[in-house]
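Chemist: Below are the sequence and a predicted model; questions follow.
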Number of protein chains: 2
Amino acid sequence: MALGKRIAMIGSGNVAWHLAPALENAGHIIVEVFSRSKKNASALVDRLYQAEIKEDLDFSDSTAELFIIAVTDDCISEVAQELALPENAIVVHTSGAQSLGELGYTATEAIGVFYPLQTFSKSKKVKFEEIPICIEAEDKDTERVLLTIAKSISNNVQLVSTVDRKALHVAAVFACNFTNHCLTLSEQILNSKKLDFDILKPLIIETINKGLELGPSNAQTGPAKRHDFQTLDHHMEFLSENEELAELYRLFSQNIVDNYPID
Amino acid sequence: MALGKRIAMIGSGNVAWHLAPALENAGHIIVEVFSRSKKNASALVDRLYQAEIKEDLDFSDSTAELFIIAVTDDCISEVAQELALPENAIVVHTSGAQSLGELGYTATEAIGVFYPLQTFSKSKKVKFEEIPICIEAEDKDTERVLLTIAKSISNNVQLVSTVDRKALHVAAVFACNFTNHCLTLSEQILNSKKLDFDILKPLIIETINKGLELGPSNAQTGPAKRHDFQTLDHHMEFLSENEELAELYRLFSQNIVDNYPID
């Protein structure tokens, strides 16, 4: 493979936590880590071979060629503007929601997006080679470099525009964040009656297997799909102590009813 | 093992479709199948060894010992009242949402609930031995018989009262029906932009694996969890063409924000 890139990681959250070691494993070198949180920066550096903690955003003397901004969405633009860079630096962010234009005021024209489409938590290992990485770049040279780096850690690399990435990100919120929150709510409902969440595990596993095998719209079951309004009413009554939860139940069921008209 | 029971299946929907063959495989005999839909009854009988189609609910001459009512929730009570039964018959329904009392006007006092906690679609095979079966009965003799039959097809049999089963069923709607609908909505969002649902599959699999491994409330990620209101606003704007979907997004995100206060 091509020689590894020298990379600076800006941020030490969930994405940086998993992305930086994956890049190292593919032969790249993380030379520096910057983070507002010294503690998190230090913990991330401990996972890496030779990275050093950088105390500020003046990277003008850095030997890094690629700067990865993996910070909260609403800080990207600010961080990018503050960055002092060496010559020929490439700067990317890792956000699904933010446009390439967020990097418009960066001190380089070689900007791009390097968005790994996955849910990251520090306490859970992930296999990077299976994670789709969505690449976008301002120019063809940058695009080529980013594609090469992405392909060195993943078998699923795609060019995705800002507009499409935004749709993808909204879809990912439904498929991941809302799906997981449904599990949390079901656990809360069981715990409120001192019942064990474990009893739902076979159901949850089968739900996802079936949804992926048949396609989710073919796999839908349940009282709302059957337009079983009596059961929906009973459930609403059961949830009536928690107004927000009851409203969520109502709206969700209504949406399912509307999606599956009965002739 | 004890001799197999002789069983009549009333209903030919998704539950009956999978439960009847599972009972046969465990050594029981499905002697008759009744269904409002002749076509479905005939298709189910074709999956079984020696079952015959029953044309009405007069089972007074039947050789069956157990009658399983696996029909839509709001028909259970009506079907149970119409049933003419032989002596010593046991009657159960398979619903998570309906009380044992739904069978109160049945022509036997040996009534119970036999609720397999799973999502069933005819086109997807399931492993019955992993499916939790929730048993409830009016008397101890019936309970004993139902437990024995349930244990002949599943390794996960539990006694669950009507009250607890109702909580379980509401939780199952969140964990299964709403979860699957989240996937359907994400597919619709992608399709509206001509993007392929396949790109989300690694994310979906990881979401569930992580939720079950860490517990869902520890596994939550995303803009609402981070209180990233800028991204939430962008997403609401993206969804603004579909009012119901936007409202669902808003309510869901609000509920996540409320569940994860930031100090």
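Modeler: Cool, got the structure.

Chemist: contacting residues around the helix or strand hosting A:His181?
Modeler: Assessed by DSSP states H and E, A:His181 sits inside helix A:179-192. By Cβ atoms under 8 Å, 6 or more residues apart in numbering or on different chains, the residues outside helix A:179-192 that reach it are A:119, A:196-197, A:199-200, A:204, A:245, A:248, B:167-168, B:170-172, B:174-175, B:178-179, B:182-183, B:204, B:207-208, B:210-211, B:215-217, B:219-221, B:252, B:255-256, B:259. C-betas here are computed from N, CA, C, even on glycine.

Chemist: ok, which stretches of the stretch 101-250 of chain A are strands?
Modeler: For the stretch 101-250 of chain A, the strands identified by DSSP state E, counting those that start in this stretch occupy A:111-116, A:133-137, A:157-159, in order along the chain.

Chemist: of all these, which lies closest to chain B?
Modeler: Comparing these by their distance to chain B (Cβ to the nearest Cβ), the top pick is strand A:157-159, with 7.1 Å.

Chemist: need the longest helix for chain A.
Modeler: Among the segments of chain A that qualify as a helix by DSSP state H, the longest is helix A:243-259.

Chemist: Is there proximity between it and chain B?
Modeler: Yes: Helix A:243-259 is in contact with chain B by Cβ under 8 Å from any Cβ of the partner chain, via A:Glu244, A:Leu245, A:Glu247, A:Leu248, A:Tyr249, A:Leu251, A:Phe252, A:Gln254, A:Asn255, A:Ile256, A:Asp258, A:Asn259.

Chemist: by contact count, what packs against that helix?
Modeler: The criterion is 3 or more Cβ pairs under 8 Å, 6 or more residues apart in numbering or on different chains; DSSP states H and E, and the helices and strands that helix A:243-259 contacts are helix A:229-238, helix B:179-192, helix B:243-259.

Chemist: quick one: low-confidence ranges for the stretch 1-150 of chain A?
Modeler: Within the stretch 1-150 of chain A, the stretches falling below the threshold (pLDDT under 70) are A:1-2.

Chemist: how about a cut-off of 50?
Modeler: Within the stretch 1-150 of chain A, the segments meeting pLDDT under 50 span A:1.

Chemist: Tell me the residues on it that lie near chain B, please.
Modeler: Proximity of the stretch 1-150 of chain A to chain B is assessed by Cβ under 8 Å from any Cβ, with A:14, A:72-74, A:97-98, A:117-121, A:123-124, A:126, A:130-132 identified as the residues in range.

Chemist: Which of those residues fall within helices?
Modeler: Within these, membership in helices is found for A:Asn14, as judged by DSSP H.

Chemist: Kindly write the ChimeraX command that selects the buried subset of the residues of the stretch 1-150 of chain A next to chain B.
Modeler: With 16 or more other Cβ atoms under 10 Å in any protein chain shown as the burial test, the buried ones among those are selected in ChimeraX as follows:
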select /A:14,72,73,74,97,98,117,118,119,120,121,124,126,131,132
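
Chemist: Please, where are all the helices along the stretch 1-150 of chain A?
Modeler: Secondary structure of the stretch 1-150 of chain A by DSSP state H, counting those that start in this stretch: the helices cover A:14-25, A:38-46, A:76-82, A:140-153.

Chemist: mind checking which of those is nearest B:Ile90?
Modeler: When the helices of the stretch 1-150 of chain A are ranked by proximity to B:Ile90, the top entry is helix A:14-25, at 53.5 Å, counting by Cβ to Cβ.

Chemist: Might one say that A:His234 is in contact with B:Ala167?
Modeler: No: counting by Cβ atoms under 8 Å, B:Ala167 is not a contact partner of A:His234; they are 11.5 Å apart.

Chemist: Outside of stretch A:68-84 itself, which residues are in contact with it?
Modeler: Here stretch A:68-84 makes contact (Cβ under 8 Å, 6+ apart) with A:7-11, A:13, A:15-16, A:19, A:57-60, A:67, A:91-95, A:97-98, A:102-103, A:105-107, A:114, B:223, B:226, B:228, B:230-231.

Chemist: quick one: buried residues of that stretch?
Modeler: For stretch A:68-84, using 16+ other Cβ under 10 Å, the buried residues are A:Ile68, A:Ile69, A:Ala70, A:Val71, A:Thr72, A:Asp73, A:Asp74, A:Ile76, A:Ser77, A:Val79, A:Ala80, A:Leu83.

Chemist: All set, thanks.
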